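> structure of the sequence below:
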Amino acid sequence: MTRRADPLPAAPVVAAYAVGAALLASAAPLLAYAGSLALLGAPHALAELRYVDGRFSRRLGTARGLAVAAILAVVVGLRCAVLAGWIAPATAVPAELGLVAVLAFTVVPDLAARPLRALVAVGVGAVIAAGSWAAPTALVVALAVLHNATPIGFLAERDDVRPRLLVPALVAFVAVPALVATGLPSRLLAEFGCFAPDAAFASAGALGDHLRVFVPPAWVATAAAPALFAAAAYLQLMHYGVVLGVLPRLLAADADTTDRPALPWPRRRVLAWTIAVVGAGFAVAFFTCFVPARSAYGLLAAVHAWIEIPVLLLALVPRDALPFPPSAAAPRAA
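Take a look at the predicted model:
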């Protein structure tokens, strides 16, 4: 019998990517953030939505899936209203975070048979709800940083790769950014003339214009802010790398077993070309006028980022607790 090929990238390739991402983020944090967002932001969002649909839609179920979709539609509507000038951001941000808290609560019934796991979902929703009232700006920053670490959850959920990937993922997504956040790599690179915090394409502006994306408001004016931003930019690069370089390979390996999306996605090659075209369009927009492009991208980003909360909480439900076993579905064309 022919052994199925390993869907994971080779370890040296992964290590080289992580080292390169750490060096780039430490040497040129703005370029790492703005450049990767321009080139990979939209493609990674679409690729992750495809993975989430194929891997989790049957666990989510039709009724709960529609509820999640409705909440996300309201979130997108709020962001559109802000862009149109109909609602002030100070009003829209707490409202959006309140809806995100509701997303966490939607999966509590699925976890009810395991009280401790249900308590996790209730706790996540409660923290987001409280933060939306007490410190919405700081909460948005915290969620932006945590979002870039969500590949740990996607990999830990899979029994087939968790034993091999969980420890390396923790090193790459916890230990390395902690080192970058100390500022030591940036200072060492500066000794060799390789530190350019404001280096980027013209429309991106300066690093100071973007610190609030990843740095809490109280720390933006501190000396530690550039290093904290660099650590978050590194996490963004790693997030994009896993979503685009690992998750599609795992999904392809699931094609005849657990990959059963609810949405009518095109075949893999057509989808890949579609993602590439959409990504090219966003890249042109980002390089031309970064801030408006980022606002437009935010509509897509909201969907793919906030859906991770109920999905990763739902991952606490073992796959053998599904109402139908993964193998029950009929094979689907690749």
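> list the residues that contact Ala21.
Under the criterion of C-beta atoms under 8 Å, 6 or more residues apart in numbering, the neighbours of Ala21 are 32, 234, 237-238, 241. Backbone N, C-alpha and C define where each C-beta goes, glycine included.
> got the buried residues for stretch 70-82?
Neighbour counts over stretch 70-82 (16 or more other C-beta atoms under 10 Å) mark 71-72, 75-76, 78-79, 82 as buried.
> could you dump those into CSV and include distance to Val174?
Shown next, in CSV, are those (distance: C-beta to C-beta, whole Å):
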residue, distance to Val174
Ile71, 30
Leu72, 29
Val75, 29
Val76, 32
Leu78, 32
Arg79, 30
Val82, 33
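> ok, so of those residues, who is nearest Arg162?
The closest of these to Arg162 turns out to be Leu72 (C-beta to C-beta; 28.1 Å).
> for the closest one, which non-adjacent residue is closest in space?
Spatially, and ignoring its direct neighbours in sequence, Leu72 is nearest to Val303 (5.2 Å; C-beta to C-beta, 6 or more residues apart in numbering).
> okay, and that neighbour sits in which element?
Val303 belongs to helix 290-306 when assigned by DSSP states H and E.
> who's in contact with that helix?
By C-beta under 8 Å, 6+ apart, helix 290-306 touches 34, 37-38, 41-42, 45-46, 48-49, 52, 72, 75-76, 79-80, 83, 96, 99-100, 103, 143, 147, 201, 203-205, 282, 285-286.
> what do you get for stretch 224-235?
With contact meaning C-beta under 8 Å, 6+ apart, stretch 224-235 is reached by 21-22, 24-26, 29-30, 32-33, 36, 144-145, 148-149, 173, 176-178, 180-183, 185-186, 197, 207, 210-211, 213-215, 219.
> buried subset of the residues you listed?
Buried among the contacts of stretch 224-235 (16+ other C-beta under 10 Å): 21-22, 24-26, 29-30, 32-33, 36, 144-145, 148-149, 173, 176-177, 180-181, 183, 185-186, 197, 207, 210-211, 213-215, 219.
> just the pLDDT at the closest residue to Asn148 other than its chain neighbours, thanks.
Leaving aside its sequence neighbours, Asn148 sits nearest to Leu235 (C-beta to C-beta, 6+ apart; 3.8 Å). At Leu235, the model reports a pLDDT of 98.
> picking that back up, what number of residues lie near the residue nearest to Leu72?
A total of 18 residues lie near Val303 under the criterion other C-beta atoms under 10 Å.
> before we move on, what about Gly85?
Residues lying near Gly85 (other C-beta under 10 Å) number 7.
> report the contact partners of it.
So Gly85 contacts nothing (C-beta under 8 Å, 6+ apart).
> count the neighbours of the residue nearest to Asn148 for me.
Neighbour tally, Leu235, other C-beta under 10 Å: 28.
> I figured Phe173 was touching Thr150, is that so?
No: contact between Phe173 and Thr150 fails when scored by C-beta atoms under 8 Å: they sit 9.2 Å apart.
> per-residue confidence at Gly279?
96.
> ok, Pro261 next?
The predicted structure lists Pro261 with a pLDDT of 89.
> quick one: contacts for it?
Shown in contact with Pro261 (C-beta under 8 Å, 6+ apart): 50, 53-54, 57.
> one more time with 10 Å, if that's ok
Contacts for Pro261 (C-beta atoms under 10 Å, 6 or more residues apart in numbering) come out as 49-58, 251, 332.
> cool, and Ala315?
55-56, 59, 107, 153-154, 156-158, 308.
> circling back to that earlier point, just to be sure, which of the contacts of Ala21 are found in helices?
If you go by DSSP state H, the contacts of Ala21 have 32, 234, 237-238, 241 in helices.
> in a markdown table: those residues, plus distance to Leu66.
A markdown table is the format used below for the ones in helices among the contacts of Ala21 (distance: C-beta to C-beta, whole Å):
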| residue | distance to Leu66 |
| --- | --- |
| Ala32 | 38 |
| Tyr234 | 37 |
| Leu237 | 34 |
| Met238 | 33 |
| Gly241 | 32 |
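> so which of the residues you listed comes closest to Ala169?
Nearest to Ala169 among the ones in helices among the contacts of Ala21 is Met238, at 9.1 Å by C-beta to C-beta.
> burial count for that closest one?
Neighbours of Met238 under the rule other C-beta under 10 Å: 24.
> hang on, it packs against Ala172?
Yes: the criterion here is C-beta atoms under 10 Å, and Met238 meets it with Ala172 at 5.8 Å.
> chain center to stretch 68-77, what's the gap?
18 Å (C-alpha atoms, centre = their mean, to the nearest Å).
> hang on, Pro109 packs against Ala67?
No: Pro109 is beyond contact range of Ala67, at 11.0 Å (criterion: C-beta under 10 Å).
> and these two? Which one has more around it.
Per other C-beta under 10 Å, whichever of Pro109 and Ala67 has more neighbours is Ala67, with 16 against 11.
> how about Ser26, secondary structure?
At Ser26 the chain is in helix, as set by DSSP: H, G, I helix; E, B strand; the rest coil.
> who's in contact with it?
By C-beta under 10 Å, 6+ apart, Ser26 lies in contact with 32, 179-180, 183-190, 194-195, 197, 226-227, 230-231, 233-234.
> fine, thanks again, bye for now.
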